[in-house]
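Asker: Here is my input, please return the structure:
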Amino acid sequence: MGIASMLRAWWWRLNARRYDTMFGTAKVYLAPWENTRIRVLDLDGTYQSATYIDNRWCDVAFPYLALYDCIFSTGRQTKEVCMLGGGGYAFPKHVVAHRDGARIDVVEVDPAITSIAREEFFLNRLEKEFGAVKSGRLGLICDDALAYLTSCAKSGRTYDAILNDCFAAGEPETSLVTPHAVQTIARCLSQGGLYLTNVITALEGEQAGPLVDLVDTLSDAFAHIGALTCDRMEPDERDNVVIVASNAPLRIEDALSLFDRTR
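Answerer: Numbering: from 1, shown residues only. Below is the predicted model of the structure:
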């Protein structure tokens, strides 16, 4: 990055818009990204979400979110999707704009985050141009993720895919990685349904602890567990890894098998 670009990025961050949230002060500002610029949601110095600000406003910017799109290429129909954690509503925008026939419920505990998404991350545009909420393609649920899943498990409400993108200051939401939570998630999936969660980990070596712990917990509730990685990831370096779990065999291209109870 040249000096001019560095100064521009510093100026954007210095002039960030600030919002009070349940988790502290969120900052919204422009940031350089792959020869363009994106608008980011920053909480405690960590990017929580981002959006393009040009005609790609309903496309995902972060590579790991693009991996979530695998739920639509498994050979089985995926119509009902639940996303845990709203952030800037990046993936929900993608589903509504690009996946006809699919609907997605977004569970976000903090109404301030959803307000920020409307004002800064084109959620309002999605609602206007696609009639996302009125048509039922997008459900906005203000609730704690585990509390909502518990109510779904009790009522029999199921989803074809549940996507976990709940983070606080870069760390996964701890209430969703307990054995009880994992069992609850499994009960909320339709037959052959998929559970996907993002974790920052290495695939092997000293920094693979988060992966090992997560697979150990998930294996109590799921028969098949795999991993999808971003391009150019070195096995012993930490990066975003999307873990995929199901009680049906995984038919996902490029997924690394981590656990298979049938073997």
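Asker: Could you report the neighbour count for T197?
Answerer: 24 (other CB atoms under 10 Å). Yep, even glycine has a C-beta here, placed from its N, CA and C like the rest.
Asker: Could you do M233 as well?
Answerer: 15.
Asker: do the same with P32
Answerer: Residues contacting P32 under the criterion other CB under 10 Å number 14.
Asker: now swap in C58 and tell me
Answerer: 21.
Asker: What segments of this protein are strands?
Answerer: With DSSP state E as the definition, the chain shows strands at residue ranges 17-21, 24-33, 36-43, 46-52, 80-84, 103-107, 138-141, 159-164, 167-168, 171-172, 189-201, 224-229, 239-246, 256-260.
Asker: Restricting to C-alpha, output the fourth one in PDB.
Answerer: Read that as strand 46-52. Written as PDB, here are the backbone C-alpha positions of strand 46-52 (Å, rounded to 0.1, in the frame of the first residue of the first chain):
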ATOM      1  CA  THR A  46     -12.100  -6.300  14.600                       C
ATOM      2  CA  TYR A  47     -14.000  -6.200  11.300                       C
ATOM      3  CA  GLN A  48     -17.400  -7.700  12.100                       C
ATOM      4  CA  SER A  49     -18.900  -7.200   8.600                       C
ATOM      5  CA  ALA A  50     -18.400  -5.400   5.300                       C
ATOM      6  CA  THR A  51     -20.100  -4.400   2.100                       C
ATOM      7  CA  TYR A  52     -19.100  -3.200  -1.300                       C
END
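Asker: That one packs against which elements?
Answerer: Contact here means 3 or more CB pairs under 8 Å, 6 or more residues apart in numbering; DSSP states H and E; on that basis strand 46-52 packs against strand 24-33, strand 36-43, helix 90-98.
Asker: how does it look with 6 Å?
Answerer: Identification of packing neighbours for strand 46-52 by 3 or more CB pairs under 6 Å, 6 or more residues apart in numbering; DSSP states H and E yields strand 36-43.
Asker: Please spell out which residues along the strand it packs on are buried.
Answerer: Residues R37, I38, R39, V40, L41, D42, L43 are the ones in strand 36-43 that count as buried (16 or more other CB atoms under 10 Å).
Asker: Contact partners for the fifth one?
Answerer: Same thing as L41. By CB atoms under 6 Å, 6 or more residues apart in numbering, the residues touching L41 are V28, Q48, S49, G88.
Asker: do the last one as well
Answerer: Contact criterion CB under 6 Å, 6+ apart gives F23, A26 as the residues in contact with L43.
Asker: Then Y52?
Answerer: Y52 sits next to I38, A61 when contact means CB under 6 Å, 6+ apart.
Asker: May I have the beta-bridge partners of it?
Answerer: According to DSSP bridges, the partner residues bridging Y52 are I38.
Asker: how far away is it from D100?
Answerer: 21 Å (CB to CB, to the nearest Å).
Asker: For the buried residues of strand 36-43, please prepare CSV with the additional fields pLDDT.
Answerer: As requested, the buried residues of strand 36-43 are exported to CSV (pLDDT from 0 to 100):
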residue, pLDDT
R37, 94
I38, 97
R39, 98
V40, 97
L41, 97
D42, 95
L43, 91
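Asker: Now distance to I200 too, for these, in a markdown table please.
Answerer: A markdown table is the format used below for the buried residues of strand 36-43 (distance: CB to CB, whole Å):
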| residue | distance to I200 |
| --- | --- |
| R37 | 24 |
| I38 | 19 |
| R39 | 22 |
| V40 | 17 |
| L41 | 17 |
| D42 | 17 |
| L43 | 15 |
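Asker: which among those residues gets closest to V182?
Answerer: For the buried residues of strand 36-43, the closest approach to V182 (CB to CB) belongs to L43, at 25.5 Å.
Asker: Pretty sure G139 sits against D105.
Answerer: Yes: G139 is in contact with D105 according to CB atoms under 6 Å; the separation is 3.7 Å.
Asker: who's more crowded, these two?
Answerer: Taking neighbours as other CB under 10 Å, G139 and D105 compare with D105 leading, 20 against 17.
Asker: Tell me which residue is most central in the protein.
Answerer: A centroid search over the chain (CA atoms, centre = their mean) returns D165, at 3.3 Å, as the residue closest to the centre.
Asker: and the nearest residue to it once chain neighbours are set aside, how many neighbours?
Answerer: Here the nearest residue to D165 in space, its sequence neighbours aside, is G85; by CB to CB, 6 or more residues apart in numbering that works out to 4.2 Å. By the measure other CB under 10 Å, the count of residues near G85 is 25.
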